[in-house]
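> No sequence on hand, only this structure:
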């Protein structure tokens, strides 16, 4: 009998693995995402990087006056969802990520700049239970935590950056932020538009969350309280010298993106 070569594709191997796991009596939940770069992304990114480069040419330490903010989900099992951090490609990749059926997680917010880190802030309800972020909770965080923390800084000199999540860009949220920052906002739909699908331009995505993740699970926390304590400790121990290097690296990323006409960092 003549042998036949049977092509083995990625989806075929995934199906074999899935059947094997089911045979063991385990249940696995998969979330599928494939996110393609949009047609106008490169242009939007080029326009964005020209703005801080111009400002830095006028005020050399301008990049040290931007507060970058973001949230992340830290699961008790060691998985971290960095919100904006995805696999970007010209094609619509089919990527499978294993997620727990009944996840126990913390939703954490931080703001990072050359002068330090504001946070972490953990989203909880009135009963102290961990919850995810929505518009009301995000605005409550701004009012009750973030703005009071800014009292130790010269707010007149600081810009605030956030991504394009709906809870961030709701009119009530933007109005609240403008009460403090005026027009010094980097956000979707604002004069300085934070480019979408640009985790390589957000220091929390390309540095903070990965750095924290590399340390907080070392002692295998078994409770969310333990995990929360670890996150607080790791973030509190980050030195200003490290943050200064992270922000200087941000300016190098601006150079790369402009030279590459808006391409994403490798």
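Sure, I can see it. Please read all numbers here as calculations on a predicted model, not as lab measurements.

> who does the helix or strand where residue 73 lies pair up with?
For residue 73, the enclosing helix or strand under DSSP states H and E is strand 66-75. According to DSSP bridges, strand 66-75 forms sheet pairs with strand 80-81 (antiparallel), strand 105-113 (antiparallel), strand 159-161 (parallel).

> For residue 43, which of the ones you listed is the nearest?
strand 159-161 (19.7 Å; CB to CB). In short, each C-beta sits where N, CA and C put it, glycine included.

> quick one: contacts of the closest one?
Contact with strand 159-161 is made by 65-69, 111, 177, 180-181, 184-187, 192, 194, 202, as judged by CB atoms under 8 Å, 6 or more residues apart in numbering.

> how does it look with 10 Å?
Here strand 159-161 makes contact (CB atoms under 10 Å, 6 or more residues apart in numbering) with 52, 55, 62-63, 65-70, 111-113, 142, 146, 150, 177-178, 180-187, 192, 194, 201-204.

> Next: stretch 134-142.
69, 71, 107, 109, 119, 121-125, 131, 133, 146-148, 150, 160, 162, 165-173, 175-177, 179-180.

> Of those, grab the buried ones for ChimeraX.
The ChimeraX selection below is limited to those of these classed as buried (16 or more other CB atoms under 10 Å):
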select :69,71,107,109,119,121,122,123,133,146,150,160,162,165,167,168,169,170,173,176,177,180
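
> hang on, the earlier thing: let's have the strands paired with strand 66-75 in JSON lines, adding mean pLDDT and distance to residue 214.
Formatted as JSON lines, these follow (pLDDT from 0 to 100; distance: least, CB to CB, whole Å):
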{"stretch": "strand 80-81", "mean pLDDT": "79", "distance to residue 214": "10"}
{"stretch": "strand 105-113", "mean pLDDT": "95", "distance to residue 214": "15"}
{"stretch": "strand 159-161", "mean pLDDT": "95", "distance to residue 214": "24"}
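
> closest to residue 230 out of those strands?
strand 105-113 (10.3 Å).

> Contacts for the helix or strand following that closest one, please.
As assigned by DSSP H and E, the chain's next helix or strand after strand 105-113 is strand 116-122. Residues outside strand 116-122 that contact it (CB under 10 Å, 6+ apart) are 67, 69, 71-72, 74, 106-112, 128, 130-131, 133, 141-142, 144-146, 149-150, 152-153, 204, 208, 212, 224, 228, 231-232, 234-236, 238-240, 243.

> if you go through the stretch 1-150 of the chain in chain order, where are the helices?
Using DSSP state H, counting those that start in this stretch, the helices of the stretch 1-150 of the chain run over residues 10-23, 41-58, 135-141, 147-149.

> now the stretch 151-266 of the chain
Counting by DSSP H, counting those that start in this stretch, the helices of the stretch 151-266 of the chain are 166-169, 171-181, 203, 209-216, 224-236, 240-259.

> which of the ones you listed is buried the deepest?
Mean neighbour count (mean count of other CB atoms under 10 Å) peaks for helix 203 among these, with a mean of 21.

> starting at the chain centroid, how far to that helix?
The chain centroid and the centroid of helix 203 are separated by 8 Å under CA atoms, centre = their mean, to the nearest Å.

> What helices and strands are in contact with that helix?
With contacts taken as 3 or more CB pairs under 10 Å, 6 or more residues apart in numbering; DSSP states H and E, helix 203 sits against strand 66-75, helix 240-259.
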